[in-house]
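In: Here's my sequence, what's the structure:
(one chain, ligands or ions: 1)
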Amino acid sequence: MTDRPKVCIDRILPRDTMRPQRITRGPKGRPRAISPIGKAWMNGSTLRVRFMGGTPSEQAVAREQAGWWAAVANLKFDFNDAPDAEIRITFDPGDGAWSYVGTDCRGIPLNEATMNLGFLDGGTAGHEFGHAIGLAHEHQNPAGGIEWNEQVVIRDLAGSPNFWSEEQTRHNVLRKYAADQVNGTVFDPDSIMLYFFPASWTLNGIATKANDAPSRLDKEFIAGAKMYPKTGGTTVDATVLEVDARRRTQASIGKAGEEDLFRFTAAADGRYIIDTRGQTDVVMKLFGPNSETALVAEDDDSGVDTNARIAADLIAGEYFVQVRHYNRDGGTGTYSILVRKM
Ligand SMILES: [Zn+2]
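Out: Next up is the predicted model:
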C-alpha cells in the first residue's frame, strides 16, 4: 500500500495544448463543475460503451457509476459492446485511470481505448465517466485558488505509482485551464472531479478529501443549460429543416450555453451549406450521416459577423445540426438558419 495520491489523467489532445492561453474574466456565476468549451456531446445523446476486458464485477462497477450521471443528465449509456462505441474501456492495472474528455473520444482509433480503469477505488469509475461526458478536473478550475507547492508535487508524482516527468505533472496537475476555455466559475471542494491530494502539495495548506460520488453542484452543472438539460429534449425532438427552403427557419436562444437542435435529410450526395444569420453569437456543429455522435464539421465564426457557416461534401443521409451560444457577455436572441444544396 502507498499513501501517495492516485492521480487521474484527463487526456488532452495535442490541438488543445496548442490553444493560446489567454486569460479573460467573465462575470461571476453560480458555483459549478467545469467543462472545457466545445467538448460536450449533443444533448439527449445515447453513448454506446464497449468493454475491452475487465471481470464481470469490474464491469458492473463501471456500469453502476456511469449511472450516477445518466440519472441526472439528458444522456443515456448503452453497454452494448458495439465495435464503434463512443466510449471504449480497458482495465489495465499498469496504466492508471484516465479518460479522454467528451467528444475528443471520437478522434481515437476504434481499436484503442478511450478510458482505462486501472483501479476502481471509491468513485474512480464515476470520475472517469465525468471526463467521458465532458467534465475536466476541478483542481484545474481557474477559480480554484490553489497555490501549488510545485517542487513537492513534481517530486511526489515522479515516484510510485505515477512515475511522471515534470512535464507530465505540469500538464496533468499544475496547469490550470484558461478561464475562457472552461464553462464554470467557482471552485467546488465536494466535486467528484477533484482528486485527493495532501496539504503538503499546496503553499496555502489546502488539502482535499477524496470525493466518491458526484456533488450537488456536479449534478446541478451536468443537468444545467450548458451541459445536458432534460428539458432540452432529444434528437427525436430536433426541428426539421427543409433543404433549399424558401424561407430561413427562425430560432432563438435565451441564455448563454443554451442549445438548439435541427435535423435535415440530404436526399442526394453533394455539397451542402448550412449557415446562421442574426445578432446572436453562435457555435454550430454538424453530425451524421445517420449518427448523433459522428462529427462532420464545426464552425463558430466564419459566417457573416458572429454567425456560423459550414460547407461540406455530404453523402445522402440524415444529419443533425447543433447550435449553441457561448458568449458569456450576453447578446443572446434570435437567429435564422438555412440549409442549401449547391
Ligand atoms: Zn480525472
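
In: Pull out the buried residues from stretch 189-200.
Out: Buried positions in stretch 189-200, judged by neighbour count with 16 or more other CB atoms under 10 Å: 190-197. Just so you know, the C-beta spots here come from the backbone N, C-alpha and C atoms, and that holds for glycine as well.

In: which other residues reach the longest helix along the chain?
Out: With residue count as the measure and DSSP state H as the assignment, the chain has helix 56-70 as its longest helix. Judged by CB atoms under 8 Å, 6 or more residues apart in numbering, the contacts made with helix 56-70 from elsewhere in the structure are 49, 51, 54, 75-77, 79, 89, 91, 117, 120, 123-126, 129-130, 133, 213-214, 222.

In: Apply 6 Å and report the result again.
Out: The set of residues that contact helix 56-70 without belonging to it, under CB atoms under 6 Å, 6 or more residues apart in numbering, is 51, 77, 79, 91, 120, 125-126, 129, 133, 214.

In: What distance do you get for I192 to N211?
Out: Relative to N211, I192 is positioned 5 Å away (CB to CB, to the nearest Å).

In: shaky segments in the stretch 51-200 of the chain?
Out: Across the stretch 51-200 of the chain, the ranges flagged by pLDDT under 70 are 177-185.

In: now the helices: where do they sit in it?
Out: Counting by DSSP state H, counting those that start in this stretch, the stretch 51-200 of the chain forms helices over residues 56-70, 124-132, 150-158, 166-169, given from the N-terminal end onward.

In: distance between the third one and the chain's centre?
Out: What that stands for is helix 150-158. 28 Å (CA atoms, centre = their mean, to the nearest Å).

In: quick one on the thing from earlier: which one of the helices of the stretch 51-200 of the chain is the most hemmed in?
Out: helix 124-132 (a mean of 27; mean count of other CB atoms under 10 Å).

In: Next, the angle helix 56-70 makes with it.
Out: For the pair helix 124-132 and helix 56-70, the angle between their directions (axes from the mean of the first three to the mean of the last three CA atoms, to 10 degrees) equals 50 degrees.

In: and helix 124-132, what other elements does it pack with?
Out: Under the contact criterion of 3 or more CB pairs under 6 Å, 6 or more residues apart in numbering; DSSP states H and E, the helices and strands touching helix 124-132 comprise helix 56-70, strand 97-100.

In: returning to that earlier point: which stretch among the helices of the stretch 51-200 of the chain comes nearest A251?
Out: Nearest to A251 among those is helix 56-70 (28.1 Å), distances taken as CB to CB.

In: I'd like the helices and strands packed on helix 124-132 written out as CSV, with distance to V173 added.
Out: Supplementary listing: these in CSV, determined by distance: least, CB to CB, whole Å:
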stretch, distance to V173
helix 56-70, 23
strand 97-100, 13
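
In: out of those, which comes closest to the ion?
Out: Each of these has some distance to the ion by CB to the ion; the shortest is strand 97-100, at 6.8 Å.

In: which residue does the stretch 201-342 of the chain bring closest to the ion?
Out: For the stretch 201-342 of the chain and the ion, the shortest gap (CB to the ion) falls at N211, measuring 11.8 Å.

In: Report pLDDT for that residue.
Out: N211 is assigned a predicted lDDT (pLDDT) of 85.

In: Any idea how many residues pack against it?
Out: Neighbours of N211 under the rule other CB atoms under 10 Å: 22.

In: Correct me if wrong: it contacts M193.
Out: No. Between N211 and M193 no contact is recorded; they are 8.3 Å apart, counting by CB atoms under 6 Å.

In: Can you say which of the helices and strands packed on helix 124-132 is nearest to S252?
Out: When the helices and strands packed on helix 124-132 are ranked by distance to S252, counting by CB to CB, first place goes to helix 56-70 at 29.0 Å.
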